[in-house]
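> structure here, sequence nowhere to be found:
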Ligand SMILES: [Zn+2]
């Protein structure tokens, strides 16, 4: 399939991170390549989840691997058109971060357990009951497919503060890129 590529991750604020993504109607080689690249990009970051809009593709695909123990076998997952079919009433608070919002963390409350249905890369329907970090992660990533970020759960003032920091981060990075080019 021609090797994996680390794709640039979009940083908030970006209009592509605010869009509702379209369902995948036919799984093609382009989707398989995208999924491989997304996993590579996620592991390199490093992160435990990544949604297609974060690499600028507005389709309902996410990848995740919440195995944190470096000794344990990795479990790369690709979820196409994921849907939450059941959520527990019991909630869990977890300090979330996001590869599109570097170095910012906040405690977010979500259902503690969820059942999710999706298509795998072969187009087969899968369903699984997620708990713990997996449950938090899959909900965070599905939110991305609906144009929602974890900071959207925060009070406006806190959200604006983080957004301002990200605007500055992007400006600084752009300045570095320009300086890099000038040194050429
Ligand atoms: Zn995220």
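Right, received. Where do you want to start? Here the structure is a predicted model, which is why all the values come from computation and not from measurement.
> quick check on residue 46: phi, psi?
Phi and psi for residue 46, reported as degrees, to the nearest 10, are phi -90, psi 150.
> distance of it from residue 86?
Distance from residue 46 to residue 86, counting by Cβ to Cβ, to the nearest Å: 30 Å. Where C-beta positions appear, they are placed from N, C-alpha and C, glycine not excepted.
> quick one: what helix or strand has residue 85 in it?
Assigned by DSSP states H and E, residue 85 belongs to strand 77-87.
> the most centrally placed residue in the chain: what secondary structure?
Nearest residue to the geometric centre of the chain (Cα atoms, centre = their mean): residue 50, 2.8 Å. Using DSSP: H, G, I helix; E, B strand; the rest coil as the criterion, the local structure at residue 50 reads strand.
> so who does it touch?
9, 38-39, 41-42, 62-64, 99, 141 (Cβ atoms under 8 Å, 6 or more residues apart in numbering).
> where do the helices of this protein begin and end?
For the chain, applying DSSP state H gives helices covering 29-44, 132-145, 156-183.
> mind listing what's buried in stretch 4-22?
4, 7, 9-12, 17, 21 (16 or more other Cβ atoms under 10 Å).
> ok, residues contacting it?
Against stretch 4-22 from outside (Cβ under 8 Å, 6+ apart): 36-41, 44-45, 50-56, 58-60, 98-102, 144-147, 149, 151, 163, 166-167, 169-170, 173.
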